[in-house]
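# no sequence on hand, only this structure:
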């Protein structure tokens with residue numbers, strides 16, 4: 001398994017395919033809400049792709065927002081969700097945040113994934129709110145170089 005920063009259009013398309021399968025097809029998020037103006041290679045976001053047996057199976061992105069790193073669009077194809085790939089994606093995004101000088105990150109986590117993020121050092125920072133018809137919570141974490 002390896003995680004790479006997306007720099008090529010074909011890798012970005014692979015990330016979109018994963019996101020559409022997970023968020024649109026599995027969870028019912030409208031396609032027009034899933035893909036947005038940050039889904040480019042123009043530097044406004046950093047996207048990562050995680051591979052398992054050389055196949056792209058997970059993705060996520062980091063956007064700097066209000067001086068914080070915002071982890072977004074984190075997902076893994078269903079058959080690969082028990083291999084620790086989520087942790088790998090989060091670590092890669094946190095490393096990119098550190099490279100940009102950001103020392104605090106946040107994310108809107110689905111409530112069903114709250115325990116996963118808590119294990120990675122995130123703290124719940126809001127009440128439950130709805131996003132695309134799915135219950136979410138704001139979670140934050142201070143990060144440092146090791």
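Received, thanks. Just so we're clear, the structure is a prediction, and the values are computed from it rather than from any experiment.
# just checking, residue 61 touches residue 48?
Yes - counting by C-beta atoms under 8 Å, residue 48 is a contact partner of residue 61 at 7.2 Å. C-betas here are computed from N, CA, C, even on glycine.
# for the protein, just list every one of the helices.
9-19, 31-34, 85-99, 114-119 (DSSP state H).
# quick one: mean pLDDT over the last one.
I take that to be helix 114-119. Across helix 114-119, pLDDT averages out at 96.
# give me the contacts around it.
By C-beta atoms under 8 Å, 6 or more residues apart in numbering, the residues outside helix 114-119 that reach it are 86, 90, 107, 109, 124, 137, 139.
# reformat those residues as JSON lines; add pLDDT, distance to residue 100 and neighbour count.
Formatted as JSON lines, the contacts of helix 114-119 follow (pLDDT from 0 to 100; distance: C-beta to C-beta, whole Å; neighbours: other C-beta atoms under 10 Å):
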{"residue": "86", "pLDDT": "95", "distance to residue 100": "22", "neighbour count": "21"}
{"residue": "90", "pLDDT": "96", "distance to residue 100": "16", "neighbour count": "23"}
{"residue": "107", "pLDDT": "97", "distance to residue 100": "16", "neighbour count": "25"}
{"residue": "109", "pLDDT": "94", "distance to residue 100": "21", "neighbour count": "21"}
{"residue": "124", "pLDDT": "96", "distance to residue 100": "25", "neighbour count": "15"}
{"residue": "137", "pLDDT": "97", "distance to residue 100": "25", "neighbour count": "20"}
{"residue": "139", "pLDDT": "97", "distance to residue 100": "20", "neighbour count": "22"}
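# perfect, I'm done here.
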